[in-house]
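*Asks:* predicted coordinates and the sequence they were generated for:
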Amino acid sequence: MPPPTQSSLDLDQAVGLFSERQIARPLIVAVLITLALYPTLMHFLEPDTLPDWIGRYLGNGYCRFMLALFVASALYAVLQYLGLQSERRALIGRDTPDQDGRQSVRSRLQDWIDFLSGREHADAERVPAALRRWHDRTRAHEDSVHLSDYVLLVRGQQHQHNFAPIGFAIWVLPMLGFIGTVLGITQAIGGLADSVAVTAVDGGGLGGVLGGLQFAFDTTFVGLVLVIPLMLALLVLRARAQTLDMLYYRRLLDRLVPDAAD
């Protein structure tokens, strides 16, 4: 079997800078946890026994679907935050030996966090390894700076890719609320038509109007309220990612590529 060519090695190392795993694995984990929690909570929680301001929403199947989407998105955001923390810890601790002069041993919990968030221990070494390899081929300091900027650009695209499901949920939840509003108003209009009919002598039409309006207002309220924590979570994640990228930039230029920092 012939050895791999240099171009194939470069392609493999370049692909390592961008990983589909960082979105697929935490998304699958978040969905699976949500699917496990939903029937469990619905089995133990009775909407009729809860306070009205909670039971009215849990008793609405459409609102429960929106709540499940929110829980999955929130779990995904938590996993992404833990992944960013893991990257920062690996970047800072890579050159920090313990008292015996060896690299500190990673805990089993940290390994699980890395796995669930789609990170791997080798990911922290791919960026500096790629910069060192590319820096050996450059002839000017400006080329090293351009390479560092390119790495930051790729990392920025990776962050946008990772945060896309949260942005999708931020966009979808209000839309689901507005769709619920349309459905509720449609139901209310149908009930209003029944209430003015001659055959509607039992007040059923009026109940349909009130039920439709309640459905419309509840779904709109849930959609608008649930999107607020997700927007705050996305803001925190973007700030954490930007801080991590700046840390990458400083360390890569000042330590990994010392000649380019002069």
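*Replies:* That came through, no problem.

*Asks:* how many neighbours does the residue nearest to residue 216 when sequence neighbours are not counted have?
*Replies:* Using CB to CB, 6 or more residues apart in numbering and skipping the chain neighbours, the partner closest in space to residue 216 is residue 184 (2.7 Å). Placement of C-beta: from N, CA and C, glycine included. Burial of residue 184 is recorded as 21 neighbouring residues (other CB atoms under 10 Å).

*Asks:* helices along the stretch 51-200 of the chain, start to end?
*Replies:* 52-58, 61-93, 108-116, 123-135, 141-195 (DSSP state H, counting those that start in this stretch).

*Asks:* which of those has the lowest mean pLDDT?
*Replies:* Of all the helices of the stretch 51-200 of the chain, mean pLDDT reaches its minimum on helix 123-135 (a mean of 63).

*Asks:* mind checking the helices of the stretch 51-200 of the chain for the one nearest to residue 211?
*Replies:* helix 141-195 (6.7 Å; CB to CB).

*Asks:* state the next helix or strand along the chain beyond that closest one.
*Replies:* Following helix 141-195 in sequence order, the next helix or strand is helix 204-251 (DSSP states H and E).

*Asks:* could you give the angle of that next one to helix 141-195?
*Replies:* 170 degrees (axes from the mean of the first three to the mean of the last three CA atoms, to 10 degrees).

*Asks:* now do helix 204-251, average pLDDT.
*Replies:* 86.

*Asks:* count the residues that sit near residue 216.
*Replies:* Number of residues near residue 216 (other CB under 10 Å) recorded here: 21.

*Asks:* quick one, what contacts it?
*Replies:* Residue 216 makes contact with 180-185, 188, according to CB atoms under 8 Å, 6 or more residues apart in numbering.

*Asks:* same deal with residue 229?
*Replies:* 70, 74.

*Asks:* same question for residue 62.
*Replies:* Contacts of residue 62 by CB under 8 Å, 6+ apart are 176, 180, 183, 215, 219.

*Asks:* ok, which pair from those is furthest apart?
*Replies:* The widest separation within these (CB to CB) is 12.6 Å, between 176 and 215.

*Asks:* residue contacts, residue 237?
*Replies:* 77, 80-81, 84, 159, 163, 166.

*Asks:* save these as TSV, and put in neighbour count and distance to residue 50 too.
*Replies:* Below are the contacts of residue 237 laid out as TSV (neighbours: other CB atoms under 10 Å; distance: CB to CB, whole Å):
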residue	neighbour count	distance to residue 50
77	23	26
80	27	31
81	16	30
84	20	36
159	20	39
163	20	34
166	20	28
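
*Asks:* between these, which is nearest residue 29?
*Replies:* residue 80 (11.1 Å).

*Asks:* returning to that earlier point: comparing the helices of the stretch 51-200 of the chain, which comes out most buried?
*Replies:* Among those, ranked by average contacts under mean count of other CB atoms under 10 Å, first place goes to helix 61-93 (a mean of 19).

*Asks:* that one vs helix 141-195, what angle?
*Replies:* Going by the same axes, to 10 degrees, helix 61-93 makes 170 degrees with helix 141-195.

*Asks:* and the angle from helix 61-93 to helix 108-116?
*Replies:* Using the same axes, to 10 degrees: helix 61-93 against helix 108-116 is 120 degrees.

*Asks:* residues in contact with the residue nearest to residue 216?
*Replies:* For residue 184, the contacting residues are 212-219, by CB under 8 Å, 6+ apart.

*Asks:* what subset of those is buried?
*Replies:* 212-213, 215-216, 218-219 (16 or more other CB atoms under 10 Å).

*Asks:* good, wrapping up.
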